[in-house]
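Engineer: below: sequence and its predicted model.
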Amino acid sequence: MTAKKNMTFEKDQTAKLLQITESLNHIKDIDALLDRILLEARKFTNADAGTIYLVDNKKLKFAYVQNDTLIKKDTIYNKYIYKYHEMDVNKNSLSGYVALTGKSLIIDDAYQIPKNIPCTFNKSFDEKSNYRSKAILTVPLKTSAETVVGVIQIINAKDKKGNLVKFTQQDKLLVTYFATNAAIAIERAKMTRNMILRTIKMAELRDPRETGEHVNRVGAYSIEIYEKWAQSQGLSMEEIKKFKDVLRIAAMLHDVGKVAISDTILKKPAKLDKNEYEIIKYHTIYGARLFKDPTSDMEVISAQVCLSHHERWDGHGYPGKIKNIYADDIKIAGGKKREEIPVSGRIVALADVYDALISRRVYKNPWPEQKALDYIKEMSGRQFDPEVVHAFFSIYDIIKAIKDRFKDEA
């Protein structure tokens, strides 16, 4: 490449980096952000796969994964995103070494690491998935204050013909620059997630059923069901990713309106009587009211989910068609039905009910898994949107992986 062409290439890459960095600032959900960061880093290097680890309590915890080769073989590849794995920040692993030293590292062959590099590559994922990791670029996610918040690992660079090639110093420079800006966005998204979890913790003080793990599961179930449903509707991947960004947070906040319900109802160690059940229905309205005068898509969808996650496909849900949820005297009667219910509400309705059925409550034992699945099938076309039910069962392996990732504390 001539000097003039090289300067033009670098200028184009810099402009692209700045544009992508700016777009990261508009992503609110941490998981959606990690997905975008990993995708863009792989695009810079034309890499087949990649992983992100985040630092938590002095350990590196697996946070996100992408693999173009495996996703072609496995239509429910997203289940790998929810696998739990952590490692120490030390020199035993490539990611641990990079997190410890704060320096980027290029390895030409993961199975033949030079002797001067005091770490090893864990082959277990390769062996389980029948994949071969070769060239690896590992870069610290380091803020401008030199704080390492995680590590991004890019695997198997390819040339234009699809042949495996080595990572270059130019690749290392681009991804390292990008990683610095990505680290700042990650810190901001983590703050948003923590604020959401603190809000839910407040609700948990009122309602012992509303645990952090429950809302994590409902949020994860919802975005995965939505992605499958949206693909069946022919929506573009850009549309899907944008909606997933706000849906997870909205789904996690589905029951936040319970903060306005009496403790005697929320903490009752038995089933609610008729009058109590009528009162608790209003948590849908109280939740939606919290997002009055929305300033973002996240607030709009959060209000939708709060208001509609107890509606039923057959119209026998609640709170129904209310003209003004801010009126002083609201009477709940006559549920919305079918497509009158926003898709966000139809999806969270299924995610929430499934998790409630298989979870222990003060007034009931968890249902056996098969009994819960049979109930969902039975209620398809009655309580639940049949297309949403179909999406749920078509990604059941992902559902199980989410359940295993976010287990209730013993």
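Structural biologist: Yep, that arrived. Note that this is a predicted model, so its numbers are computed, not measured. Numbers count the residues shown, from 1 in each chain.
Engineer: mind listing what's buried in the longest helix seen in the chain?
Structural biologist: As assigned by DSSP state H, the longest helix anywhere in the chain is helix 169-206. Across helix 169-206, burial judged by 16 or more other CB atoms under 10 Å covers 171-172, 174-186, 189, 192-193, 196, 199-200, 203-204, 206. Just so you know, the C-beta spots here come from the backbone N, C-alpha and C atoms, and that holds for glycine as well.
Engineer: ok, stretch 282-302 next?
Structural biologist: 282-288, 290-291, 297-302.
Engineer: can you list contacts of that stretch?
Structural biologist: 28, 243, 245-247, 249-250, 253-261, 303-304, 306-310, 318-319, 322, 325-326, 330, 332, 344 (CB atoms under 8 Å, 6 or more residues apart in numbering).
Engineer: what average pLDDT does that stretch get?
Structural biologist: Stretch 282-302 comes out with an average pLDDT of 92.
Engineer: roughly how far is it from the heart of the chain?
Structural biologist: Its chain's C-alpha centre and that of stretch 282-302 lie 21 Å apart, by CA atoms, centre = their mean, to the nearest Å.
Engineer: in three-state terms, how would residue 161 be classified?
Structural biologist: coil (DSSP: H, G, I helix; E, B strand; the rest coil).
Engineer: from residue 67, how far out is it?
Structural biologist: Separation of residue 161 from residue 67 (CB to CB, to the nearest Å) stands at 20 Å.
Engineer: between the two, which one's more packed in?
Structural biologist: Ranked by neighbour count (other CB atoms under 10 Å), residue 161 and residue 67 place residue 67 first, with 23 against 6.
Engineer: find the nearest non-adjacent residue to the more buried one, please.
Structural biologist: residue 49 (4.0 Å; CB to CB, 6 or more residues apart in numbering).
Engineer: can you give me the buried ones in the helix or strand harbouring the one you found?
Structural biologist: Residue 49 is part of strand 47-56, with elements assigned from DSSP states H and E. Neighbour-count burial for strand 47-56, counted by 16+ other CB under 10 Å, picks out 47-55.
Engineer: with pLDDT and distance to residue 371 added, can I get these in CSV?
Structural biologist: Output for the buried residues of strand 47-56, formatted as CSV (pLDDT from 0 to 100; distance: CB to CB, whole Å):
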residue, pLDDT, distance to residue 371
47, 95, 44
48, 94, 42
49, 93, 38
50, 93, 39
51, 92, 37
52, 93, 37
53, 93, 37
54, 93, 37
55, 92, 41
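Engineer: least trustworthy helix or strand in the chain by mean pLDDT?
Structural biologist: Ranking every helix and strand in the chain by mean pLDDT, DSSP states H and E puts helix 3-24 at the bottom, with a mean of 58.
Engineer: following that helix, which helix or strand comes up?
Structural biologist: Next element after helix 3-24 (DSSP H and E): helix 30-45.
Engineer: can you check what angle separates that next one from helix 169-206?
Structural biologist: Counting by axes from the mean of the first three to the mean of the last three CA atoms, to 10 degrees, helix 30-45 lies at 170 degrees to helix 169-206.
Engineer: what is the burial count for residue 371?
Structural biologist: 11.
Engineer: how is the chain partitioned into domains?
Structural biologist: For the chain, automatic domain parsing gives the domain ranges 7-189, 207-405.
Engineer: please compute how far the helix or strand where residue 354 lies lies from its chain's middle.
Structural biologist: Under the criterion of DSSP H and E, residue 354 resides in helix 343-358. Centre-to-centre, helix 343-358 and its host chain are 16 Å apart (CA atoms, centre = their mean).
Engineer: who are the packing partners of the next helix or strand after that helix?
Structural biologist: For helix 343-358, the following helix or strand on the C-terminal side (DSSP H and E) is helix 369-378. Helix 369-378 sits against helix 343-358, helix 386-394, with contacts defined as 3 or more CB pairs under 8 Å, 6 or more residues apart in numbering; DSSP states H and E.
Engineer: which residues touch the closest residue to residue 189 other than its chain neighbours?
Structural biologist: Nearest residue to residue 189, sequence neighbours excluded (CB to CB, 6+ apart): residue 30, at 4.1 Å. Neighbouring residues of residue 30 by CB under 8 Å, 6+ apart: 186, 189-190, 192-193.
Engineer: residue 224: which of the residues you listed is nearest?
Structural biologist: Residue 224 lies nearest to residue 193 out of those, by CB to CB, at 17.5 Å.
Engineer: check the closest one and give its pLDDT.
Structural biologist: For residue 193, the predicted pLDDT is 82.
Engineer: pLDDT below threshold where in the stretch 151-300 of the chain?
Structural biologist: Residue ranges of the stretch 151-300 of the chain with pLDDT under 70: 203-212.
Engineer: what segments of it are helices?
Structural biologist: 169-206, 212-232, 237-252, 263-266, 274-280, 283-289, 297-308 (DSSP state H, counting those that start in this stretch).
Engineer: of all these, which lies closest to residue 395?
Structural biologist: helix 212-232 (5.1 Å).
Engineer: so what's the gap between the longest helix of the chain and the chain middle?
Structural biologist: On the basis of CA atoms, centre = their mean, helix 169-206 sits 12 Å off its chain's mean C-alpha point.
Engineer: can you state the direction angle for it and helix 297-308?
Structural biologist: Put simply, helix 169-206 runs at 30 degrees to helix 297-308, going by the same axes, to 10 degrees.
Engineer: from residue 88, how far out is residue 97?
Structural biologist: 11 Å.
Engineer: more neighbours: which of the two?
Structural biologist: When residue 97 and residue 88 are compared for neighbours, residue 97 comes out ahead with 20 against 13, by other CB under 10 Å.
Engineer: beyond whichever strand or helix holds the more buried one, next helix or strand please.
Structural biologist: Using DSSP H and E, the element containing residue 97 is helix 94-101. Using DSSP H and E, the next helix or strand after helix 94-101 towards the C-terminus is strand 105-107.
Engineer: pull up the pairing partners for that next one, direction included.
Structural biologist: With DSSP bridges as the test, strand 105-107 is paired with strand 136-142 (antiparallel).
Engineer: so the partner strand versus strand 47-56, what angle?
Structural biologist: 40 degrees.
Engineer: what does strand 136-142 rub up against?
Structural biologist: 41, 45, 47, 52, 54, 94-95, 97-99, 102-107, 110, 121, 148-157, 167, 171-172, 175-176, 179-180, 182-183, 186.
Engineer: same check on stretch 114-125?
Structural biologist: 91-94, 96-97, 105, 107, 110-111, 113, 131, 133, 136.
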